[in-house]
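Chemist: Sharing a sequence plus its predicted fold:
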Amino acid sequence: MVCSLSKHWLLMVYFIVVNWAQVLFNSCVTGSLYLISAVALTLVYGLCRFPNFAHAEFMAFGAYMGYFVAEQLGLGFPFTFVTAFLASGTLGVLSYKGVFQPLAKRGATIIHQMIASIALGFIIRHSIGEIWGWAPLSFRVVWSSFDVGMVRVTGIWLWLILAALVIGGVMHLMLVKTKIGKAMRATSSNPELALSSGINIDRVALTTWFIGAALAGIAGLFRAAGTRLSPLLGWDILLPTFAVTILGGIGSFYGAIAAAFIIGLAENVGVVILVSLGLSTEYRMAIAFVILILTLILRPQGLSRVFRGA
Amino acid sequence: MDPLIYILDIVVFTGIFAIVALSLNLEYGFTGLGNFGKVAFFLIGAYAYALLIETGLHFILCLAIAAILAGLVGSLISLPALRLREDYLAIVTLAFGEIIRIVVKAEHWIAHGVWGITIPPAIYWQGASFRMTIVTHIGLVFFCLLICFILVQLITNSPYGRIMRAIREDEIAAATLGKSRLKYKAQVFMMGSALAGLGGALFAQYMGYIEPYMFMPMVTFTVWIMVILGGPANNWGALLGATLVELFDRGTKMVKDYLLVPVDPNNLQYILLGILIIFILLYRPGGMLKESQVKTKAVERASQWKRRS
C-alpha cells in the first residue's frame, strides 16, 4: 500500500522533473486523511489522557463495515460512510463502557490503559481477520482520474479533501457553539471543575468516544478506498496519527488540523528530497516518526499554545 | 513433523523471551519505565550478532558484543527520552523501534534489506542430528538465562534495586534523598537494552536467518504481555509469563497442525490473549505473582515493632 503509493510518486518525480503543484495537492490529500484520523484521536486522548492504540482497529473496523455494506450487501459506495460512522462509533462506545471505564474506575495507570487498548486491538483485529480473512480486499468502485492543469486528480481524493473540510467545519461548530461541545472542551481541560459545574461527565465521555471512534472509521474507509482493505490497515497510519496528535498538542483540535497538513507536507516534500538524495522512499514512513520524536523532545506541548481556545 | 521438535522449539523460545521479559521487568516492573521499543534493542542484538559472526569471531564473543552494543544504543536513546512523561516515552520508544526497522529494511548494504541475512550455525559438529543441535541451543539459551536471572535477582534485591523501586513509587521523593533519577533510569535502561540485545542475538543464532519483518512492534507487545501476565516487579513472574505466553503461542501452532478447529487458531489465540489481558488488568492488575516484599533488617525490625504494639 505505502509501497505502491510511493512508487507512484517516484515515477512522477522521475518523469516530470518534480511537479510542485502535484506535491502540494498530494500533501493536501495526505493531510486530509491525517486530519480526520488525528482529530478523532486527539479528542479521546485529551479526555482520557492515554494514547488509544485500538484507534487503529476502529479505523479498520469502519473500513470493513463499509466493505460489508457496499460489496457484500450490494448497496453501493455512498452508504458506506453512514455505516462506517455508526459502526465504528458504536464500537468505540462499547470499548469505553466495557474496558476503559471499568479500568479507570479501578484506578488503572496510563500504562495499564495503553496495554488494555493494545489487547482490545488484538481482539478486534483478529475478529476482523476471522470474519473477512487476512488477504487484502478492495472496493469494486473504480475512481476516475483526470487532470486539472498540471495536477492529476482522483475522484476519491477530492471526496477525501471535501470530507476533511466538512468534518473540520462541523467539529469546529460543535465544539464552539453547542452545549455538548463546550462540555467536551471543559471536561478535557479540567474534569473536576467540569463535574462541579454540573456537567454530566459520563455523557461527555460517551459522546467523545463515539465521535472519536466514528471519525476513525471514516478515516479508515478513505484509506481503504484509496488503497486496499487489510486488518492491518489502521496500523499503517497509527503512528503518523500519533505524530500529528502530539505535534498539534494533545487534546487541541485546531493544533491537530494544522499539524495534519504540516506532516502531510513534510512527508510529500520529504519524498522528493529523499529521491533527489538517492535514498530509499521507504523512509517516507520515518519522516513522521522523526517529527514526532523531535516534537516530544524539543516542544512536548506541541502547537497547542499557538492555538489557544480549543 | 516430529512432535518432540515442537516441544524443544517451545523450550528454546521460552528461554529467549524469558531473557527479554526479564529485561522489560527490570525497566517497567522495578523502575516504572514504559519502554514500548523493546523490539529495537532485540533487533540491534540480532543484527549485530549476524554481522559479527560473519567476521569469524567466536560466537560467545559475538553474543557479548551484541549485548554491549544494544546496551550502548539504549543508553544513547535514554538520555533525551527519559525526561519525557510516561505516555510520551511509550510513543517515542515505539517510533524508535519502527525507525530502526525501516533503516534496516531500506539500507541494503547493512544486511540485504528485506532479503534477510543467513547466519552460519555456531555450534556444529560432524553428524549432529537436527534434534541434537536444538538440544545444544537449549543448553546455551538456558545457560544465558540462568546468568541473566541471577544477575537480575542480585540487582533487584540489592540497595540499587531499592532505589529503582523508590524511583518508580515517587520520583521526587527519591530525588530529595539524593538519588539522581535520570542517572539511575539511564543505567536501568542500558541494562535492560543489553539484556534485550542478548535475547536478540540468541534469537538470531537459533533461527539461522533474520529479516526485518521478524521485528514488528508485535514482539514488543508480546513481551509486555508476558510481564503484565506474570507479575511486574517479580522476576519469577517474568519467567512464568514468558513460559505461559510461549506455550500459548506455540501451542496454537501445534493445534493448527494436529487438530481441526472451525476457527483459525492463530486468530483465536490473539482474541483469547486479548481477553485474558483485559481480565488480568481489571481483576488482578498486579499479575499472577505478586511483588515480593523488600527484605532488609530495618523492614524486619519495623514489622516486629508493629506486631508487638
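Modeler: Nice, I can see it.

Chemist: need the residues of the stretch 101-250 of chain B near chain A, please.
Modeler: Within the stretch 101-250 of chain B, the residues that sit near chain A (Cβ under 8 Å from any Cβ of the partner chain) are B:102-103, B:105-107, B:221, B:224-225, B:228. For the C-beta atoms, the positions are set from N, CA and C on the backbone; glycine is no exception.

Chemist: redo that, cut-off 10 Å
Modeler: Within the stretch 101-250 of chain B, the positions near chain A by Cβ under 10 Å from any Cβ of the partner chain are B:101-103, B:105-108, B:113-114, B:212, B:216-218, B:220-221, B:224-225, B:227-228, B:232.

Chemist: so of these, which ones are in helices?
Modeler: B:101-103, B:105-106, B:108, B:217-218, B:220-221, B:224-225, B:227-228 (DSSP state H).

Chemist: Which of the residues you listed ranks first by neighbour count?
Modeler: Within these, neighbour counts (other Cβ atoms under 10 Å in any protein chain shown) peak at B:V227, which reaches 29 neighbours.

Chemist: That one and B:A238 touch, don't they?
Modeler: Yes - B:V227 is in contact with B:A238 according to Cβ atoms under 10 Å; the separation is 5.8 Å.

Chemist: So for the two, which residues contact both of them?
Modeler: Jointly contacting B:V227 and B:A238 under the rule Cβ atoms under 10 Å, 6 or more residues apart in numbering or on different chains are B:20-26, B:29, B:287.

Chemist: Quick check: the residue of the stretch 101-250 of chain B found nearest chain A vs A:A288, distance?
Modeler: Per Cβ to the nearest Cβ, B:A106 is where the stretch 101-250 of chain B lies closest to chain A, at 3.8 Å. In this view, B:A106 and A:A288 are 15 Å apart by Cβ to Cβ, to the nearest Å.

Chemist: Just give the number of residues close to the spatially closest residue to B:F17 that is not a sequence neighbour.
Modeler: Closest residue in space to B:F17, ignoring its immediate chain neighbours: B:A242 at 4.8 Å, by Cβ to Cβ, 6 or more residues apart in numbering or on different chains. Using other Cβ under 10 Å, B:A242 has 29 other residues around it.

Chemist: my guess is B:A242 meets B:L22, correct?
Modeler: Yes - assessed by Cβ under 10 Å, B:A242 is found in contact with B:L22 at 8.3 Å.

Chemist: Need the overlap of contacts for the two.
Modeler: Taking Cβ under 10 Å, 6+ apart as the contact rule, B:A242 and B:L22 both touch B:145, B:223, B:226-227.

Chemist: Select from the shared contacts of B:V227 and B:A238 the one having the most neighbours.
Modeler: B:A21 leads those on contacts (other Cβ under 10 Å) with 34 neighbours.

Chemist: confidence score at A:T241?
Modeler: A:T241 carries a pLDDT score of 93 in this model.

Chemist: nope, B:L43 is what I was after
Modeler: So, for B:L43, pLDDT stands at 94.

Chemist: tally of neighbours for it?
Modeler: Number of residues near B:L43 (other Cβ under 10 Å) recorded here: 27.

Chemist: Which of the shared contacts of B:V227 and B:A238 fall within helices?
Modeler: Counting by DSSP H, the shared contacts of B:V227 and B:A238 place B:20-24 in helices.

Chemist: quick one: A:G217 and B:F189, what's the gap?
Modeler: Using Cβ to Cβ, A:G217 is found at 38 Å from B:F189.

Chemist: So those two - more neighbours on which side?
Modeler: Neighbour comparison, A:G217 and B:F189: the larger count goes to A:G217, with 34 against 27 (by other Cβ under 10 Å).

Chemist: which ones are touching the more buried one?
Modeler: By Cβ under 10 Å, 6+ apart, the contact list for A:G217 reads A:36, A:40, A:58-66, A:80-81, A:83-92, A:234.

Chemist: do the same with A:G251
Modeler: Residues near A:G251 by Cβ under 10 Å, 6+ apart: A:42-47, A:49, A:184-185, A:188-189, A:245, A:302, A:304, A:310.

Chemist: can you pull the buried residues of stretch B:55-65?
Modeler: Using 16 or more other Cβ atoms under 10 Å in any protein chain shown as the test for burial, stretch B:55-65 gives B:59, B:62-65.

Chemist: my bad, stretch A:231-240
Modeler: Residues A:231-240 are the ones in stretch A:231-240 that count as buried (16+ other Cβ under 10 Å).

Chemist: Then stretch B:236-254?
Modeler: If you call a residue buried by 16+ other Cβ under 10 Å, then stretch B:236-254 has these buried ones: B:237-246, B:248-250, B:252, B:254.

Chemist: Stretch A:260-280 now?
Modeler: Neighbour-count burial for stretch A:260-280 flags A:260-272, A:274-275, A:280 (criterion: 16+ other Cβ under 10 Å).

Chemist: Alpha carbons of that stretch, as PDB, please.
Modeler: The C-alpha trace of stretch A:260-280 is given here as PDB (Å, rounded to 0.1, in the frame of the first residue of the first chain):
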ATOM      1  CA  ALA A 260      -2.000  17.200   9.900                       C
ATOM      2  CA  PHE A 261      -1.200  19.500   7.000                       C
ATOM      3  CA  ILE A 262       2.300  20.100   8.300                       C
ATOM      4  CA  ILE A 263       3.100  16.400   8.500                       C
ATOM      5  CA  GLY A 264       1.300  15.800   5.100                       C
ATOM      6  CA  LEU A 265       3.500  18.400   3.500                       C
ATOM      7  CA  ALA A 266       6.600  17.100   5.300                       C
ATOM      8  CA  GLU A 267       6.000  13.600   4.000                       C
ATOM      9  CA  ASN A 268       5.400  14.600   0.400                       C
ATOM     10  CA  VAL A 269       8.200  17.100   0.200                       C
ATOM     11  CA  GLY A 270      10.300  14.700   2.100                       C
ATOM     12  CA  VAL A 271       9.900  12.000  -0.600                       C
ATOM     13  CA  VAL A 272      11.100  14.500  -3.200                       C
ATOM     14  CA  ILE A 273      14.100  15.200  -1.100                       C
ATOM     15  CA  LEU A 274      14.800  11.600  -0.400                       C
ATOM     16  CA  VAL A 275      14.700  10.700  -4.100                       C
ATOM     17  CA  SER A 276      17.000  13.600  -5.000                       C
ATOM     18  CA  LEU A 277      19.400  12.500  -2.300                       C
ATOM     19  CA  GLY A 278      19.300   8.900  -3.700                       C
ATOM     20  CA  LEU A 279      17.800   7.500  -0.500                       C
ATOM     21  CA  SER A 280      15.100   4.800  -0.400                       C
END
